[in-house]
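Chemist: sequence and computational prediction follow.
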Amino acid sequence: MCGIVGSISFGSGSASVERVRTACQVLSHRGPDDAGLACGSWRGSIDPIEDGSTSGAFAGGRAPLVLGHRRLSIIELGHAGHQPMISDDRKAALVFNGEIYNYVELRAQLSRDVHLRTHSDTEVLLAGLRLRGADFLKEVTGMFAFAYVDLVRAEALLGRDHFGIKPLYYSMESGILHFASELAALRAVARADWRLNPRAALQFLRFGVTDDTEETFFDDVRSVPPAHAIVFGADGSPPVATRYWRLSRNKVQVSAGAARESVAAELSASVALHLRSDVPVGACLSGGLDSTALVAHMRGQLGPSVPIHAFSFISPDDSQSEAPYVRAAVDAFGLTGHVTHGGVNLSGAVADVVRCQGEPFASLSIVAQYAVFQSAHAAGVKVLLDGQGADELFGGYVPAVAARIAMLLREGRWREVGRILSTFEFVARSNARARMIASAIVRLLPMSVARTALGLLGEPIVPDWVNRDWFESRLPDVESLWHRGHADLQDELVAFVEQRTLPALLRFEDRNSMRWSVESRVPFCTPRLAELAMSLAPELLVDSHGRTKSILRDAVGGLLPDVIVTRPKIGFLAPERLWMGDLSAWSAEVLRDGAQRLPDIISWNHEAMRLGQPEPRGFSRWRVLSFAAWAREWNVQGGVARA
């Protein structure tokens, strides 16, 4: 787990070694154990820069190719894993962030064709890319983002893992490609003013959605899409993006028993791969089904004598507290439990999360997650497993039930609809039957009718607390920002995985964990497990009683305490009402600053902005605060982030 950065010229220009060195320092939290730089030219070779000097081959501290790396040592802890990793003939080089979990098996395959000097997963990726190019990524199970330069092929390759677990941003500036693991590091090498992306801004302010496309909050900065490799030719030809994997929906008719066994076996195999590490591995533990299933498999595979440290956030709001479930998991599996309540120097923590996230975030739960990784760092644990992805793949969210009901309505299966509405625990608990029916029906309506209905319900796509003129003059079709959901369960789950929730959750997880130099691994996010989930019949995911993640509950239920299997889902929540009260002074300051920086974007005098007042329908005061705090962090004035 690391941080990468670099600049690559595809013309007559050259890149600054010093800027890349500075950007590496910006990424020091991602890799406190080691650092490295390399530079080269397309018609020459790639060489390491030793002892803080610049290469003697290039005058003025500039070169056509400059690569930088910060390392968090997890596998092959010694110098053999140092990066940038350069081939023996100095014609290829790699900077890589992440882990290749099946590197042992891939190494055995590659050893038939090439001699590998180390036991690091980095060398496996370097050799595989050199032999097979981007096609090699189809064989990889892991989380990764990398930049690979091949002087023989005269090309550079940026690549990202199947789900986008690890980040990679890039921009082009006067024929020079700049890339980095985080936006702050990218800005250290690409120093031009960055323009605010109005689509991303309105999408976030109105719906709380981020990371749903390759766009960022800046017009001129892109994220490499998940499951993509982008090839840049040394001749300056237009880059070519290739999608090497897509989550398929090939349904397979299997019995519930066979499906249960397949899910159990695949999850066990994934956990085994994610336990590969040369340092101890711990876990994030919410007390929910997903994280507890992971610690159950960890205990089963590591045996009773290996300590497993588990880190939990317990809300000080008793109505949200998961303390009984966390205690049940700790006792059942003999874990060493660590609990944090957050809230210590809350305004300082929020400011730090704004800084490390790089883009706005829609909930204070991200601050609670930040506290969990801070706790792991304090305990000296460098690797944690977490349960992200299970809800998206196995239908754990309420909209998945709405999509299932829409399918049944379309097929005229009214009795099954009635059964779900009468037994689904969320509906029974929150008296939300009418909203559930409406959510299902709107998925069956023509889009124009559905959009009209949204406005009639008092939730227009462009609300009156933002400056409609500013956004509509910059966006050709603001109506396209609204996502109404799908009338097919698998389509809904694919949307969750690729756009609606998982990309943002993975961004939050990566930045919060790496802020504290902790590697977070997500065993549910593997191609095999995802493809298995998408192959199952809808009733195995959301059953006839509206039970979410039905097949996953059955697959792991025998391993877990009953109180966890049968508990109601409440999500990972921060005590927002309590914390917003504690943040009142900070909030007032941020709103004042936002009104000065962004006077034409948000209606700062709108009654919705008044602290302490009820929030109008469709409005989130926290989203406005997060956006304004981010604008202050990035020195956004009007529509431009000033360097």
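Modeler: All right, it came through fine.
Chemist: what is the neighbour count of Ala588?
Modeler: Using other Cβ atoms under 10 Å, Ala588 is surrounded by 12 other residues. (Each C-beta comes from the backbone N, C-alpha and C, glycine too.)
Chemist: give me the spatial nearest neighbour of it, chain neighbours excluded.
Modeler: The shortest distance from Ala588 to any non-neighbouring residue, by Cβ to Cβ, 6 or more residues apart in numbering, is to Leu611 (6.2 Å).
Chemist: now do Thr336
Modeler: His309 (4.8 Å).
Chemist: contact partners for the one you found?
Modeler: Shown in contact with His309 (Cβ atoms under 8 Å, 6 or more residues apart in numbering): 280, 282-283, 335-336, 338, 376, 379, 381.
Chemist: so where is the stretch 351-500 of the chain shaky, pLDDT-wise?
Modeler: Applying pLDDT under 70 to the stretch 351-500 of the chain picks out residues 426-431.
Chemist: please enumerate the strands of the stretch 101-250 of the chain.
Modeler: Taking DSSP state E, counting those that start in this stretch, the strands of the stretch 101-250 of the chain run over residues 142-150, 155-160, 169-173, 176-180, 194-195, 222-223, 228-233, 240-243.
Chemist: Ala368: which of the ones you listed is closest?
Modeler: Ranking the strands of the stretch 101-250 of the chain by proximity to Ala368 (Cβ to Cβ) places strand 142-150 first, at 22.7 Å.
Chemist: so what secondary structure elements neighbour the closest one?
Modeler: If contacts are counted by 3 or more Cβ pairs under 8 Å, 6 or more residues apart in numbering; DSSP states H and E, strand 142-150 sits against strand 2-9, strand 65-71, strand 92-100, helix 121-132, strand 155-160.
Chemist: the closest residue to Gly233 other than its chain neighbours pairs with what?
Modeler: Nearest residue to Gly233 in three dimensions, chain neighbours excluded: Glu155, at 5.3 Å (Cβ to Cβ, 6+ apart). In this structure, Glu155 bridges to Asp150, Gly233 when assessed by DSSP bridges.
Chemist: just give the number of residues close to Glu155.
Modeler: Quick note: Glu155 (other Cβ under 10 Å) scores 20 neighbours.
Chemist: equivalent analysis for Val66, please.
Modeler: 34.
Chemist: from Glu182, how far out is it?
Modeler: 17 Å (Cβ to Cβ, to the nearest Å).
Chemist: rewinding a little: and the contacts of His309, which is closest to Ser174?
Modeler: Proximity of the contacts of His309 to Ser174 (Cβ to Cβ) peaks at Ala376, which lies at 41.8 Å.
Chemist: my read is that the closest one contacts Trp516, right?
Modeler: Yes - using Cβ atoms under 8 Å, Ala376 is in contact with Trp516, at 6.7 Å.
Chemist: the two - which one has more neighbours?
Modeler: Ala376 (26 against 19).
Chemist: what's the distance between the residue nearest the centre of the chain and Val104?
Modeler: Central residue of the chain (Cα atoms, centre = their mean): Leu506, 1.7 Å from the mean position. From Leu506 across to Val104, the span is 25 Å (Cβ to Cβ).
Chemist: next, count neighbours for Leu302.
Modeler: Leu302 is flanked by 15 other residues according to other Cβ under 10 Å.
Chemist: hang on, it packs against Val295?
Modeler: No - assessed by Cβ under 8 Å, Leu302 is found out of contact with Val295, at 10.1 Å.
Chemist: give me the common contacts of the two.
Modeler: Ile308.
Chemist: tell me the contacts of Ser28?
Modeler: Contacts for Ser28 (Cβ under 8 Å, 6+ apart) come out as 3, 35, 70.
Chemist: lowest-pLDDT helix or strand in this protein?
Modeler: When the helices and strands of the chain are scored by mean pLDDT, DSSP states H and E, helix 425-430 comes last with a mean of 63.
Chemist: just to revisit the earlier point, which ones among the contacts of His309 are found in helices?
Modeler: Using DSSP state H, the members of these that fall in helices are 376, 379.
Chemist: closest one of the contacts of His309 to Leu289?
Modeler: Looking across the contacts of His309 and measuring by Cβ to Cβ, the closest to Leu289 is Ala283, at 13.8 Å.
Chemist: tell me what the closest one is bridged to.
Modeler: Those that pair with Ala283 in a beta bridge, by DSSP bridges, are Ala310, Leu385.
Chemist: next up, the contacts around it.
Modeler: Applying Cβ under 8 Å, 6+ apart, the residues contacting Ala283 are 291, 294-295, 298, 308-311, 335, 384-386.
Chemist: farthest-separated two in the residues you listed?
Modeler: Leu335 and Asp386 (14.6 Å).
Chemist: quick one: which of the two has more around it?
Modeler: Regarding Leu335 and Asp386, a neighbour count based on other Cβ under 10 Å identifies Asp386 as having more, with 26 against 22.
Chemist: thinking again about what came up before, now the contacts of Ala283 in TSV, with distance to Val478?
Modeler: Shown next, in TSV, are those (distance: Cβ to Cβ, whole Å):
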residue	distance to Val478
Ser291	38
Leu294	41
Val295	45
Met298	46
Ile308	49
His309	47
Ala310	45
Phe311	41
Leu335	49
Leu384	40
Leu385	40
Asp386	35
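Chemist: just give me the closest of the residues you listed to Gly31.
Modeler: Leu384 (16.9 Å).
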